[in-house]
Structure formats: structure tokens, C-alpha cells
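A.B. asks: Got a sequence here, can you model it:
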Amino acid sequence: MAKSISFTLPAMEDLDGLSISAIHVDFDDMSQIAQDNLSLESEKTVIDVPCPPKGQ
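C.D. replies: Numbers count the residues shown, from 1 in each chain. Predicted coordinates:
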């Protein structure tokens, strides 16, 4: 059986106006260590958020 994981977003000073611009994994995908799972976008930048542990 696959192991479910959860992780927190990295510490950021200002989350106002931040939105999820892309999700790079599907529900049943197996994430690898440091694989980008989603992208957060603000007016000035796009930040890719990796998943620290391996799992599904």
C-alpha cells in the first residue's frame, strides 16, 4: 500500500496575492525527493515547491 504524505509550505514573508499556478502531480503519482509538486505565483515571481519526502 502506498504511503500518504503531507508537507508544509516553505516559510515566506508575504502570502498575500500568492496563488497556485500549477500542480505538477496527479492524485496517484509517486513523488520523488525534491520533485516539484506545485508552483506558487505572485505578481513578481513563480516559486516551485518541492516535496521533501518520497511518497504518494
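A.B. asks: element containing the closest residue in space to residue 22 that isn't next to it in sequence, please.
C.D. replies: Counting by Cβ to Cβ, 6 or more residues apart in numbering, residue 22 lies nearest to residue 39, which is 4.2 Å off, once chain neighbours are set aside. Yep, even glycine has a C-beta here, placed from its N, CA and C like the rest. When secondary structure is defined using DSSP states H and E, the element that contains residue 39 is strand 36-41.
A.B. asks: name the helices or strands packed onto that strand?
C.D. replies: Here strand 36-41 touches strand 19-23, strand 46-50, going by 3 or more Cβ pairs under 8 Å, 6 or more residues apart in numbering; DSSP states H and E.
A.B. asks: weakest of those by average pLDDT?
C.D. replies: For the helices and strands packed on strand 36-41, mean pLDDT drops lowest on strand 46-50, to a mean of 84.
A.B. asks: what angle do that strand and strand 36-41 make?
C.D. replies: 160 degrees (axes from the mean of the first three to the mean of the last three Cα atoms, to 10 degrees).
A.B. asks: re earlier: strand partners of the strand holding residue 39, parallel vs antiparallel please.
C.D. replies: strand 19-23 (antiparallel), strand 46-50 (antiparallel) (DSSP bridges).
A.B. asks: Mind putting those into CSV with mean neighbour count?
C.D. replies: Shown next, in CSV, are the strands paired with strand 36-41 (neighbours: other Cβ atoms under 10 Å):
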stretch, mean neighbour count
strand 19-23, 11
strand 46-50, 14
